[in-house]
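Trainee: Here you go, sequence then predicted model.
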Amino acid sequence: MMRYAILLMGAPYSSQAAHSALRFARAVAARGHRLEGVFFYHDGVHNAARLAAPPQDEPHLVDGWAALAADHGVPLQVCIAAALRRGLLDEREAARHGKQGHSVEPPFELTGLGQLVDLGLRCDRLVTFGP
Amino acid sequence: MMRYAILLMGAPYSSQAAHSALRFARAVAARGHRLEGVFFYHDGVHNAARLAAPPQDEPHLVDGWAALAADHGVPLQVCIAAALRRGLLDEREAARHGKQGHSVEPPFELTGLGQLVDLGLRCDRLVTFGP
Amino acid sequence: MLLHILNRSPATSEVFRQALAAMGPDDRLLLIEDGVQGAVGALFGRFSGLEGRLYAQEEDLVARGLAPLCAPSVVRVDVEGFVTLTEEAQKTVSWF
Amino acid sequence: MLLHILNRSPATSEVFRQALAAMGPDDRLLLIEDGVQGAVGALFGRFSGLEGRLYAQEEDLVARGLAPLCAPSVVRVDVEGFVTLTEEAQKTVSWF
Amino acid sequence: MANAKGQGFEGDLLVVLRHGPHGTSWLREGLDAALVAAAFGRRVTLLFMGEGVTALVPGQKSGPLGQKGTSPTLEMLEMYDIDTLLVEAEALAWLGLRAEELMLSATAVEATELSMLASTHSLVLTF
Amino acid sequence: MANAKGQGFEGDLLVVLRHGPHGTSWLREGLDAALVAAAFGRRVTLLFMGEGVTALVPGQKSGPLGQKGTSPTLEMLEMYDIDTLLVEAEALAWLGLRAEELMLSATAVEATELSMLASTHSLVLTF
């Protein structure tokens, strides 16, 4: 049993990175490893977009990540700076920036880049999926 | 005087495409041409993200497009299919998909790809800005 | 005469080859954004044969500190010059 | 021994050169997503010298119809094999 | 049918497809633009360039998460009267396939013929 | 100071920067990760590879819409005790600059030395 972390920097639909990362995450968990967190950075923050409405015959990645969190207790950490620039805000940040409505909700949590460094150095393996 | 259209396929912040397109749009208008529309496709649909909160010392592209529309009456047309997949919905689409809240509002309008074809063939020039 | 627009650096992307392949003998090529790296140093060699038809966006050279390194035969245009190039061409084709 | 992961096609992107430059003599290279194009036809030649250390993600080959064209010396691994490769390597480095 | 001399390539819209299936959304979004133009009665030429030739590789499947890919869309092209499919000969060569082996009937275009394509169409969209 | 033999490059984090300023957000987001790691007390090595070397070209300016670019961030590296800056020698060569002409003090790394860098750091992040 090893501790894994995933860094995802690709948006869903625009690139395959999110598909690859989600599949890899499930395989890591199935193999009995502990997935300590998925960190969403760069365009990867779009994986947390709760308003995403993909076609019904395509995989819904936002729901896919939420299911992974529910099944295996994996924290889904979204870089707050990268998210704000890209229009992804939770309720607290929306209020702080005077925006009505929000685009991120649990199990995704906005957090700082320090969490990525912590994950990367604390886990046995960090695997990056870029766009 | 010529009729221009712009096709923008890059997201703000992730790539320079939106900066280039906005600058070019202003220069086209300043030169006395008629800019008949800006069409947002692929990741360019993120330019319509009303929740975007960039750092205060960086240009706010969403506001920049809205100012262009106000100053020169330029329609800002967002591909609806590309937008829905990426979590960009106006109030009507949010209601239709059972989502609370919305991420696109006027002057941006969700529209079909037919508008791109129409713009491209009707205008004297179509200039594409890719990521 | 068409205007081709390239925004990727030949250092990383092979897209410049697609632009060159699609260019007619009188067509022009404008380098913008990271594409202006192609106006500098050894990368400029990728565009030999385009003398007089190779343009670079001045503002993008300046922001990157590359203006002093720009090959002398590259025609530098500001955004107004970019608009003029699109006026003069029958249409534009973008490579990214 | 490190595992390098490449997801871009050598047909368009020069990133594969960065991966090769960063690889140590025992390191492995796994092609995923559009990177699996590098396991096929003339592009496979870009990775000569990696025999036995060049892997390709089976599911990505299959989805693209490229499995029948995959060079025989490429080791094909499914997603479980991908996990095994990350277990066996001290760390992973991604090139995109 | 387009011939090898460039005649017959004239049309309203040239859509240049430079990406393969599954890896990005470029191919899908480019094809969507082509289908819409055709549905509006426009003549459309498709040029598969560089990695784009892999769109025509036979035997494509869904992705492991159920991603459909683009081959079902390609099979609809004929219904939309999009029948001018061109592939860059050089890209076919590195793939190691002949034009006859592709999933749809397509014409190989040599490098010397590519440059006339953009000028013989009213509008060029690159994806 | 890092030397040319690879000794002194050992550290917690190797951040590989492969993109230039202004064109994309990769450089900025990579530097942000480096700064945060350094602020947390980690030893950070920066490797400017490929297009990334253009991050160190002197005389960079704001973009025409007021985009700051990344040179102000680079000037803060020393405050964060990030002083191991490596540049790929081959990339410097195509740019036509010598290491001494860059905006910050950096060490050129030959191709043969690159391959040991990843193994001498606990974690490698590529941007």
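Mentor: Nice, thanks for sending it over.
Trainee: only C-alpha atoms for contact and neighbour calcs from this point on.
Mentor: OK.
Trainee: Near chain B, which residues of chain C? Just list them.
Mentor: With the criterion set to Cα under 8 Å from any Cα of the partner chain, chain C comes near chain B through C:7, C:33, C:79-80, C:82-83, C:86-87, C:90-96.
Trainee: filter those residues down to the ones near chain F?
Mentor: When contact is defined as Cα under 8 Å from any Cα, these meet chain F at residue C:33.
Trainee: Residue E:24 bridge partners, please.
Mentor: residue A:15 (DSSP bridges).
Trainee: contacting residues around residue 43?
Mentor: Because you didn't say which chain, this covers chain A. Taking Cα atoms under 8 Å, 6 or more residues apart in numbering or on different chains, we find residue A:43 in contact with A:9-11, A:82, B:14.
Trainee: Hmm, no, I was thinking of chain E.
Mentor: So residue E:43 contacts E:11-13, E:37, E:82 (Cα under 8 Å, 6+ apart).
Trainee: Buried subset of the residues you listed, written for PyMOL?
Mentor: To isolate the buried ones among the contacts of residue E:43 in PyMOL, judged by 16 or more other Cα atoms under 10 Å in any protein chain shown, type:
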select buried, chain E and resi 11+12+13+37+82
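Trainee: Tell me the pLDDT of residue E:5.
Mentor: Note for residue E:5: predicted pLDDT of 43.
Trainee: hmm, back to that, in helices, which of the contacts of residue E:43 fall?
Mentor: Under the assignment DSSP state H, those contribute residue E:37 to helices.
Trainee: Around chain D, pick out the residues from chain A.
Mentor: A:16, A:20, A:23-24, A:27-28, A:31, A:124-131.
Trainee: Against residue E:115, how distant is the residue most central in space within chain C?
Mentor: For chain C, the residue sitting closest to the mean C-alpha position, by Cα atoms, centre = their mean, is residue C:31 at 2.4 Å. Applying Cα to Cα, to the nearest Å, the value for residue C:31 to residue E:115 is 19 Å.
Trainee: try residue A:81
Mentor: Taken as Cα to Cα, the span from residue A:81 to residue E:115 is 44 Å.
Trainee: OK, contacts around the residue nearest to the centre of chain C?
Mentor: Going by Cα under 8 Å, 6+ apart, the list of residues near residue C:31 reads C:5-7, C:38-39, C:54-57.
Trainee: Is it correct that residue E:33 falls within a helix?
Mentor: Yes - assessed by DSSP: H, G, I helix; E, B strand; the rest coil, residue E:33 belongs to a helix.
Trainee: so what's it closest to, chain neighbours aside?
Mentor: Spatial nearest neighbour of residue E:33, chain neighbours left out: residue B:113 (6.4 Å); criterion: Cα to Cα, 6 or more residues apart in numbering or on different chains.
Trainee: Contact partners for the one you found?
Mentor: Taking Cα under 8 Å, 6+ apart, we find residue B:113 in contact with B:79-80, E:32-33, E:36.
Trainee: ok, these vs chain C, which is closest?
Mentor: Top of the list for closeness to chain C, among the contacts of residue B:113 and by Cα to the nearest Cα, is residue E:33 at 15.9 Å.
Trainee: Tell me the confidence at the closest one?
Mentor: Looking at residue E:33, the pLDDT reads 98.
Trainee: count of neighbours near it?
Mentor: Other residues lying near residue E:33 total 21 when counted by other Cα atoms under 10 Å in any protein chain shown.
Trainee: measure residue A:46 to residue C:42 for me?
Mentor: Between residue A:46 and residue C:42 the distance is 38 Å, computed by Cα to Cα.
Trainee: Please identify which of these two sits among more neighbours.
Mentor: A count of neighbours by other Cα under 10 Å puts residue A:46 above the other of residue A:46 and residue C:42, at 28 against 16.
Trainee: same for the lengthiest helix in chain C, what does it pack against?
Mentor: Under DSSP H, the helix in chain C containing the largest number of residues is helix C:79-88. When contacts are defined as 3 or more Cα pairs under 8 Å, 6 or more residues apart in numbering or on different chains; DSSP states H and E, helix C:79-88 packs onto helix B:17-30.
Trainee: could you check the angle helix C:79-88 makes with the helix it packs on?
Mentor: Interaxial angle of helix B:17-30 relative to helix C:79-88 (axes from the mean of the first three to the mean of the last three Cα atoms, to 10 degrees): 70 degrees.
Trainee: Doesn't residue C:72 lie inside a strand?
Mentor: No - the assignment for residue C:72, made by three-state DSSP, is coil rather than a strand.
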